[in-house]
Structures are given as structure tokens and as C-alpha cells.
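K.L.:
Build me a model from this:
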Amino acid sequence: VQLQASGGGLVQPGGSLRLSCEASEFTLDYYAIGWFRRAPGKGREGVSSINSGGGSTFYADSVKGRFTISRDNAKNTVYLQMNSLKPEDTAVYYCAAGYIATMQSMFMDYWGQGTQVTVSS
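P.N.:
Got it, this is the predicted structure:
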């Protein structure tokens, strides 16, 4: 089971990025997906999650109203649209799969490699 997060990069404050989480060798349809991040010198933080059907989404207060999680099961991909980015959003972002839509990392079973997001002028 492999997950791959992509789409990170360097963006100015106020800018946007869209992260993608793709799976190889298995289908994401049956899994809830969570996005997590780890900023320099800080612990891992739950950012957003979506249930397997896509009907339930959850966001950390720090990103609510700015980030949107979605999934396209036909493409076996989950997205995190990040708008109005702030310097404090700078972190390595990871996607993870589990059976519960949660932002608590202990409940996620499979993790991908992260993608770096840097928000700086």
C-alpha cells in the first residue's frame, strides 16, 4: 500500500496550491483520507480529513474557510485545495489512509511520503 502526496512548492502569502494524494496498487474508495502536516520544530498536526464516500469533511480551525478537501474516486485521488496561504502554513504535508475520517494520526493506517509547502515572500 503506497500513498504519494504531490503538489507542494513555494508560494507567496495569499497564494494557492492544490495538493494531490494518489494511491498505487490499491483503491482509495474504501478508505477515509486525512491530510497532516509537520512544521519545522513542531509536532504533526491534523489538517483535514474526508470519509470514504466524500460526504463528510473535517478541518482544523487554523485552516477552516481556506482549505478544501475533496476526492475523485474515479481517479483514485484525494485533493487538498489550499487558498489564502499564510507563512504559518509552511510545513511538510502528508496524506494518510484509514477507516475513520479523523485528524488524529493514531487512527491512520497507511502513510505516504510528504510534500513540502513553503509560504514566503
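
K.L.:
The residue nearest to the spatial centre of the chain pairs with what?
P.N.:
Taking CA atoms, centre = their mean, the centroid of the chain lies closest to Trp35, which sits 2.7 Å from it. Beta-bridge partners recorded for Trp35 (DSSP bridges): Ser48, Cys95.

K.L.:
all numbers from here: first residue = 47
P.N.:
In the new numbering, first residue 47, that becomes Trp81.

K.L.:
List the contacts of it.
P.N.:
Counting by CB atoms under 8 Å, 6 or more residues apart in numbering, Trp81 touches Leu65, Cys67, Gly92, Val93, Ser94, Ser95, Ile115, Leu126, Tyr139, Tyr140, Cys141, Ala142. In short, each C-beta sits where N, CA and C put it, glycine included.

K.L.:
Just give me the neighbour total for Ala106.
P.N.:
16 (other CB atoms under 10 Å).
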